[in-house]
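[1] Predicted coordinates and the sequence they were generated for:
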Amino acid sequence: MDLQITATDPEHPITLLDLPWDVPLTDWPEKHLVSLPRGISRHVVRFARAGGEVVAVKEVGEWAAVREYGLLRDLGRLDVPAVDPVAVVTGRYDAHGEPLEPVLITRQLKGSLPYRSMFETTMRPTTIKRLLDALAVLLVRLHLNGFAWGDCSLSNTLFRRDAGAYAAYLVDAETGQIQPTLSRGQREYDLEVARVNIAGELMDLEAGGSLHPSVDPVPFGDEICERYGELWHELTRTSVYPKDKRHYIDRRIRRLNDLGFDVAEMQIKRSPDGDAVTFWPKVVDAGHHQRQLLRLTGLDAEENQARSLLRDLETWMVTQDDYAPGDPLGARPEVLAHRWVRDVFRPIVRAVPRELRESVDTAQIYHELLEHRLLLSERRREDVSMEEAALDYVARRGERGPDDEGAVVFPA
């Protein structure tokens with residue numbers, strides 16, 4: 001059997017031909033290899049340079065390589081965070097004509113690290129929790145798309161930090177399977193495997209002195225089950241809102257925020273029954289919202305203020321006709337954000353009397369107006385506009401004494 005390269009891109013077979021396929025992966029010359037952190041694997045894995053990019057090469061049986069290649073392509077079509085498959089190489093023989101194992105090739109995920117590399121310096125418990133939250137997000141997304149992992153673990157995951165956000169990517173789909181939907185039993189099996197694997201991996205780190213002394217591996221393993229359960233419930237319960245009750249969407253986002261998750265993406269689909277809303281969560285680091293608000297709008301605010309303003313910005317953006325994430329013809333987020341500042345934020349803040357604006361910073365005023373609008377909407381059981389909320393807010397402010405502090409409080 002001759003060497004055969006099955007690739008996703010017509011250019012890949014040409015660039016891959018330069019690699020020494022007649023040599024066992026363990027013996028590849030240094031000139032082809034790239035020194036990058038590698039996680040624990042059942043198979044031989046090396047990073048190599050092919051053309052202008054770095055790829056991960058894994059020796060594995062032909063049936064498993066072809067199957068995993070297909071699963072990773074399916075996950076890519078489903079837009080699930082996973083490594084990108086490049087090719088499968090079969091028909092390998094060494095210089096003596098002895099057969100060599102086929103390989104699966106995936107694109108190196110830039111900026112990502114295996115968990116052991118992240119624990120080379122002792123990681124704080126709060127950071128470990130955010131990594132486990134990111135893994136819970138990944139597992140929920142896989143299950144929502146009908147993918148049963150079969151071997152969820154820290155070892156089979158890559159983590160990437162991007163502008164304060166933490167994301168987990170599936171790196172080993174060898175044991176997985178895709179079905180139209182998963183049963184509760186299938187999901188619980190994946191979750192139990194994750195719990196046991198994570199506790200064991202943290203115990204290994206503890207034995208090697210790489211785990212923070214305050215971290216108990218077993219409760220941390222249990223915690224991913226709790227976080228998964230909370231997130232699964234929040235993302236899968238009925239999400240159709242009447243068109244005149246958009247404050248329900250804001251309340252839903254707040255619940256995700258209270259669970260410790262931000263909204264990475266929000267999709268609204270119109271139907272005769274109302275607006276069906278889909279949320280994709282992400283895990284964020286301290287200060288993320290401040291940085292994101294400053295980058296998008298130029299507004300400088302405290303972290304909780306920034307979270308509140310971004311929540312309003314995201315809800316407003318999806319109502320714009322030219323909002324089309326991922327579409328090159330749609331308006332860029334920065335363009336929409338500056339439109340929001342011009343058409344929404346500034347006019348509403350200016351509706352508040354100057355003497356009040358001089359005593360409180362504008363971000364806090366807008367945050368209080370958002371809180372006030374939500375209270376009004378909840379009490380009236382219908383959406384209240386920002387203009388109406390501002391008028392009511394100012395009127396109630398005027399009723400209070402000069403020494404009163406804090407946001408407006410409604411009478412019981």
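    Thanks, I have it.

[2] What is the burial count for residue 249?
    When neighbours are counted by other C-beta atoms under 10 Å, residue 249 registers 21. Every C-beta, even on glycine, is put in place using the N, C-alpha and C of the backbone.

[3] Tell me which helix or strand it sits in.
    Following DSSP states H and E, one finds residue 249 within helix 247-258.

[4] now that helix, how far from the chain's geometric center?
    17 Å (C-alpha atoms, centre = their mean, to the nearest Å).

[5] What are the buried residues along it?
    Residues 247, 248, 249, 250, 252, 253, 256, 257 are the ones in helix 247-258 that count as buried (16 or more other C-beta atoms under 10 Å).

[6] Just confirm the third one contacts residue 315, I think it does.
    Yes: the pair residue 249 / residue 315 is scored as a contact, 6.0 Å apart, by C-beta atoms under 8 Å.

[7] what sits up against stretch 39-53?
    Identification of contacts with stretch 39-53 by C-beta atoms under 8 Å, 6 or more residues apart in numbering yields 11-12, 15-16, 18-19, 24-26, 28, 32-36, 38, 54-60, 86, 105, 107-108, 114-117, 155-156, 158, 171-172.

[8] Restricted to buried residues, select the residues you listed in ChimeraX.
    Per 16+ other C-beta under 10 Å, the buried members of the contacts of stretch 39-53 correspond to this ChimeraX selection:
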select :12,15,16,19,25,28,32,54,55,56,57,58,59,60,86,105,107,108,114,115,116,155,156,158,171,172
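
[9] now, which of the contacts of stretch 39-53 lie within helices?
    12, 15, 16, 115, 116, 117 (DSSP state H).

[10] Just name the closest of these to residue 368, please.
    residue 115 (41.6 Å; C-beta to C-beta).

[11] If we ignore the residues flanking it in sequence, what's nearest that closest one?
    residue 154 (4.1 Å; C-beta to C-beta, 6 or more residues apart in numbering).

[12] Pull the number of nearby residues for that neighbour.
    Neighbours of residue 154 using other C-beta under 10 Å come to 26.

[13] now residue 181
    There are 9 residues near residue 181, going by other C-beta under 10 Å.

[14] ok, now residue 189?
    16.

[15] Residue 146 now?
    15.

[16] Now it: phi and psi?
    phi 80, psi 20 (degrees, to the nearest 10).

[17] do you know how far the closest residue to it other than its chain neighbours is from residue 44?
    Nearest in space to residue 146, with sequence neighbours left out and distances taken as C-beta to C-beta, 6+ apart, is residue 179 at 4.8 Å. Distance of residue 179 to residue 44, given as C-beta to C-beta, to the nearest Å: 31 Å.

[18] just for the protein, where's the confidence low?
    1, 10-13, 121-122, 162-165, 238-246, 258-286, 326, 359, 398-412 (pLDDT under 70).

[19] Let me know the outermost residue of it.
    Note on the chain: the largest separation between a C-alpha and the mean C-alpha position, by C-alpha atoms, centre = their mean, falls on residue 96 (47.8 Å).

[20] list the contacts for it?
    Residue 96 touches nothing, counting by C-beta under 8 Å, 6+ apart.

[21] Check which helix or strand it maps to.
    Residue 96 belongs to no helix or strand, assigned by DSSP H and E.

[22] All the helices of the stretch 151-300 of the chain, residue numbers only.
    184-207, 217-236, 247-258, 288-297 (DSSP state H, counting those that start in this stretch).

[23] So residue 206 versus residue 127, what's the distance?
    16 Å.

[24] for residue 330, same thing?
    35 Å.

[25] Check the contact between residue 154 and residue 198; I expect there is one.
    Yes: counting by C-beta under 8 Å, residue 154 touches residue 198, with 6.0 Å between them.

[26] can you list residues touching both of the two?
    Contacts common to residue 154 and residue 198, judged by C-beta under 8 Å, 6+ apart, are residue 135.

[27] Contacts only, for residue 142.
    Taking C-beta under 8 Å, 6+ apart, we find residue 142 in contact with 75, 80, 148, 149, 170.

[28] Return a ChimeraX selection command for the buried portion of those residues.
    Per 16+ other C-beta under 10 Å, the buried members of those correspond to this ChimeraX selection:
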select :75,80,148,149,170
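
[29] Helices - which of the contacts of residue 142 land there?
    Per DSSP H, the contacts of residue 142 map to helices at residue 75.

[30] Let's have the contacts of residue 142 in JSON lines, adding distance to residue 134.
    Below are the contacts of residue 142 laid out as JSON lines (distance: C-beta to C-beta, whole Å):
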{"residue": "75", "distance to residue 134": "17"}
{"residue": "80", "distance to residue 134": "14"}
{"residue": "148", "distance to residue 134": "20"}
{"residue": "149", "distance to residue 134": "15"}
{"residue": "170", "distance to residue 134": "12"}
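
[31] now, which of the contacts of residue 142 sits nearest residue 389?
    For those, the nearest to residue 389 is residue 80 (39.0 Å; C-beta to C-beta).
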